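In: Sequence and computational prediction follow.
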Amino acid sequence: MILAVDGGGTKTVAIIVDENSGKLMGAGVSGPSNVRSVTAVTSRKNILKAIKNAEKMAGMVQISDSIYGIAGYGDSIAATAEINSIIESIDKLSPANPVITNDGGAAAYLVTMGNDGIVTAVGTGSVGAYIKDGVLHRVGGWSYLTDDAASGYWIARKGLEMAEKSYDGFIEKTTLIQKFEDYFKLPLRDLVADMESHFNKRIMASLAMIVDRAAMEGDQISNNVMELAAKEIEIMIDGMKTKFDIPVNTGCVGGVMQSSKISELLTNKYENLKIFYGYHVAIGNAMRLMNKRDEHTRDSLVSQLDETIPKLSRTEKDLLFIK
């Protein structure tokens, strides 16, 4: 049995896979483990919680190998050392040394199977990656302060910005004002002040669902925000395409891809675009650890994980923004 973990700024997902049969034995979800977003103590606690949840579903299993894709790994010497320390302190399951990598590498493998290709990962934050001649290159993902284009955080911030402009009468009316006020049970100006004084990146990013819902209901301002997000993803994809002389596998991964609006816009532009959700990323790590490169195994694991989602607890589903 192998253990594959994907840890990001919103959630941590752990899966246990039988490498011989290709059967998904268990899955677990917990809170964020990105050391740029939470403390090392919280990161460790959430990684352990996701693993325990997966073990509970899998039953009595013996883990032979493990791989961890944690956001922040490789970003700096300090972050890498901190994540190494966290994993070394909790990986008691595997007799072999754990493989530790960045979550972006798992997303890239999920789409490309280790071959040349392009991926954009758009969840709480956003980052792009491409594999060329076997080498993984990263683009974007600088910071939610300056970049993270098209991410859940970015969409939410744009939505709030447009709601404020509408409130002030600078642009047309938008239903976002009422939707945000209903969600927080506060007037717009008070909720913005409250978010500033009690900043939480995950809560901020979760507001992207409100913007997406408003767009689907016909709110033009919200629709403009979602179209702009799709354009930002196109900029990343088109920029990475210039690195290749021939067509390569291209995919989009992350919670933002649960937006039917954005998915439709992108699939209409890019033929054979592969789309995966954020909780699928751990499968990329599992495939890498098993040294598998076939789409059949990957797609089977994706289907199995999708079928497992209803078995998760309400708390776990909330972390995946699934009703």
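Out: Great, that's in hand. Numbering: from 1, shown residues only.
In: Buried residues, whatever helix or strand M240 lives in. List them.
Out: Here M240 sits within helix 220-241, counting by DSSP states H and E. For helix 220-241, the neighbour count (16 or more other Cβ atoms under 10 Å) marks 221-223, 225-226, 229-230, 232-234, 236-237, 240 as buried. Every C-beta, even on glycine, is put in place using the N, C-alpha and C of the backbone.
In: Can you tell me the strand partners of the following helix or strand past it and which way each runs?
Out: Going down the chain from helix 220-241, the next helix or strand is strand 249-253, by DSSP H and E. Strand 249-253 sits in its sheet next to strand 117-122 (parallel), strand 274-276 (parallel), going by DSSP bridges.
In: any idea of the mean pLDDT for the shortest one?
Out: Pointing back at strand 274-276 there. What strand 274-276 shows for mean pLDDT is 96.
In: list the helices and strands the next helix or strand after that strand packs on?
Out: Going down the chain from strand 274-276, the next helix or strand is helix 281-289, by DSSP H and E. If you count contacts as 3 or more Cβ pairs under 8 Å, 6 or more residues apart in numbering; DSSP states H and E, helix 281-289 packs onto strand 2-7, strand 12-18, strand 65-70, strand 99-101, helix 103-112, helix 295-308.
In: any weak-confidence spans in this structure?
Out: Residue ranges of the chain with pLDDT under 70: 92-96, 323.
In: Which residue is the nearest non-sequential neighbour of N84?
Out: I100 (6.4 Å; Cβ to Cβ, 6 or more residues apart in numbering).
In: what sits opposite the one you found in the beta ladder?
Out: Under the criterion used (DSSP bridges), I100 bridges to Y68.
In: Compute the distance between it and K185, please.
Out: According to Cβ to Cβ, to the nearest Å, I100 stands 42 Å off from K185.
In: re the thing from before, which of the strands paired with strand 249-253 sits most buried?
Out: strand 117-122 (a mean of 29; mean count of other Cβ atoms under 10 Å).
In: which outside residues touch that strand?
Out: Contact with strand 117-122 is made by 103-104, 107-108, 110-112, 126-131, 150-152, 233, 236-237, 240-241, 244, 248-257, 281, as judged by Cβ atoms under 8 Å, 6 or more residues apart in numbering.
In: Now, of those, which are buried?
Out: The buried subset of the contacts of strand 117-122 (16+ other Cβ under 10 Å) comprises 103-104, 107-108, 110-112, 126-131, 150-152, 233, 236-237, 240, 248-257, 281.
In: quick one: what helix or strand has N20 in it?
Out: Judged by DSSP H and E, N20 forms part of no helix or strand.
In: E164 too?
Out: helix 152-167.
In: Name the nearest residue to A230, sequence neighbours excluded.
Out: L265 (4.1 Å).
In: quick one: the one you found and A229 touch, right?
Out: No: L265 is beyond contact range of A229, at 9.0 Å (criterion: Cβ atoms under 8 Å).
In: list the buried ones in stretch 27-46?
Out: 27-38, 43-46.
In: Relative to E55, which of those is nearest.
Out: Of all those, E55 sits closest to G28, with 7.4 Å by Cβ to Cβ.
In: Spit out the contact partners of I275.
Out: I275 neighbours (Cβ under 8 Å, 6+ apart): G251, C252, V253, M257, S263, L266, T267.
In: separation between the first one and T315?
Out: Computed as Cβ to Cβ, the G251 to T315 distance reads 29 Å.
In: now do the last one
Out: Applying Cβ to Cβ, one obtains 32 Å for the distance of T267 from T315.
In: and what of the fourth one?
Out: Computed as Cβ to Cβ, the M257 to T315 distance reads 23 Å.
In: what do you get for the fifth one?
Out: The spacing between S263 and T315, counted by Cβ to Cβ, is 26 Å.
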